[in-house]
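When you get a sec, could you give me coordinates for this:
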Amino acid sequence: MTEKIIDLKYGKLHLIKTKKFRSINIKVLLKDRIVKSDITKRNLLTDYLVASTKKYNTRRKLSLKIQDLYSLFIGSFNTRIGNMLVTRFNMSLLNPKYTEESMLVESLDLLHEIIFNPNVKNNKLDTDIFNIVKKDLESEIKTVKENSRMYANVRMLENLGDLPYSYRGFGYLEDLESIDEKNLYLYYKEFLFKSDVDIYVVGDFNEKEMISLVKEKLNFSTIKKDKKDIIIYHDKILKKPKEVIESENFNQSKLSIGCKLMNLNEFEWKYVINLYNMILGGGFNSKFMQIIREKNSLAYYISSSINKADNLLIINSGISKENYLEVIQNIFDIMKKMSKNFVSEKELANAKIEYLSLLEESLDNQDNVLENMVAKDLLNLDELDKRREEILKVTIDDIKCVSKKVFIDTIYLLKGDMNEEK
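Down below sits the predicted model:
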């Protein structure tokens, strides 16, 4: 499964041809340097665009059109990746060979309608639809605090530093209040013009036809821009980790720890840190699970994950507040030992097997195939075949070396004040 890249005047078209799936998936990515005050506007805008269009000016009309197209999936969402705010418009349709020959053209017509022909009257967005999506977004922003695990992670990142990873993905209520139908429409026009554009297509299709249709239906007026650095780098570490403890009316206490990755070389950043994380807390038989969860019964769950674009390793755990200090001490001890003779050849081999297995599993899902391609291009990762080769080269000495480049920065405890139950 290879990626063919076509240069367009406004961006790039990425074609991934495969007969493995019965559907064709299309992603339109619009990327720009993240600005904190834009997050709420972007969320509200993309929700509005997929709720109605000029031609299908109610949710019901748009829903009926989608049903006519064999219930294709179409949606949008925004994510922050490092220094960038990335908007995705996603569409998945049954391959026309299983439906009707005209379905590809009609589906791309609808995608064009959603992106380029919003429901606008008198230079402002439709008030009824706008109010509905604004109320929905307000509810989403408010529900962040109801999910204790998510909220703990949000608060930890906010305390980690004033960088893009500290911005709240759903947005902010104070920003939402100032948005109306007129200024959001003005933002829409700015958003389309200033964003970098990448279009991804995966499935079984006629290449020549697809290129022609994309050029016709997804013709952006923006100009191709210089590539921006998406990765966040760190140059300072704290002598002593910052500790923040807050209380909420939850049953279980949530622990979230942010660790900065510093001075990793290319091989370490692409490969070693993945295996380090799997052995530490990201794998099925990680040190955290074996020692903290299974052996000492100090946590209801505990895991770690890597965010490459932010150069962060994040630890999340559900604990009893009485065990807080003991859990922290165990985490510190395990991470310190990772730089010594604490990892066996068997553990490293198992981590490699698990990593390669997850890599293969990602090829069984069409959306995952696309997301892999997106991540590869955004983060300048290697092709899958090279990843398979390089991951096998990682040694225990590599793990020891990279462990000295992981620094605990911020410890956040969301202390549950209700009676705790397992």
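
How about the contacts made by the residue minimising distance to the centre of the chain?
With distances taken as CA atoms, centre = their mean, Thr79 lies nearest the centre of the chain, 5.4 Å away. By CB atoms under 8 Å, 6 or more residues apart in numbering, the contact list for Thr79 reads 85-86, 88, 169. For the C-beta atoms, the positions are set from N, CA and C on the backbone; glycine is no exception.

Sitting in helices, which of those do you find?
Residues of the contacts of Thr79 located in helices (DSSP state H): none.

Identify those among the residues you listed that sit within strands.
If you go by DSSP state E, these have 85-86, 88 in strands.

hey, where'd the strands end up in this structure?
3-7, 11-17, 23-33, 73-81, 84-94, 120-121, 124-125, 196-203, 242-248, 253-261, 301-307, 312-319, 406-416.

between those strands, which one is nearest to Val369?
Proximity to Val369 (CB to CB) singles out strand 196-203 among the strands of the chain, at 5.5 Å.

for the residue lying farthest from the centre of the chain, phi and psi?
Largest separation from the mean C-alpha position in the chain: Asn122, at 35.9 Å (CA atoms, centre = their mean). In this entry, Asn122 is assigned phi and psi values of phi 50, psi 50 (degrees, to the nearest 10).

Distance-wise, check it relative to Leu184.
14 Å (CB to CB, to the nearest Å).

distance of the residue farthest from the centre of the chain from Tyr185?
10 Å.

Ok, Asn263 next?
From Asn263 to Tyr185 the distance is 46 Å (CB to CB).

more crowded one of these two?
Tyr185 (20 against 13; other CB atoms under 10 Å).

which ones are touching the more buried one?
Counting by CB under 8 Å, 6+ apart, Tyr185 makes contact with 118, 120, 123-125.

Kindly indicate which of these lies nearest Lys346.
Pro118 (57.0 Å).

Per-residue pLDDT of that closest one, please?
Looking at Pro118, its pLDDT stands at 97.

thought it was touching Lys54?
Yes: Pro118 is within contact range of Lys54, at 6.7 Å (criterion: CB atoms under 8 Å).

Please say which of the two ends up with more neighbours.
A count of neighbours by other CB under 10 Å puts Pro118 above the other of Pro118 and Lys54, at 22 against 13.

For the more buried one, which non-adjacent residue is spatially closest?
Residue nearest to Pro118 in three dimensions, not counting chain neighbours: Leu49, with 5.8 Å by CB to CB, 6 or more residues apart in numbering.

what's near enough to touch the one you found?
Leu49 is in contact with 76, 89, 114-115, 118, 188, counting by CB under 8 Å, 6+ apart.

and what of Ser303?
Listed by CB under 8 Å, 6+ apart, the contact partners of Ser303 are 281-282, 286, 288-289, 315-317.

filter those residues to the buried ones?
Taking 16 or more other CB atoms under 10 Å as the criterion, what is buried in the contacts of Ser303 is 281-282, 286, 288-289, 315-317.

What's the separation between the nearest residue to Ile334 once chain neighbours are set aside and Leu313?
Closest residue to Ile334 apart from its sequence neighbours, by CB to CB, 6+ apart: Lys287 at 5.0 Å. Distance of Lys287 to Leu313, given as CB to CB: 13 Å.

which residues are in contact with both of those two?
In contact with both Lys287 and Leu313: Leu280, using CB under 8 Å, 6+ apart.
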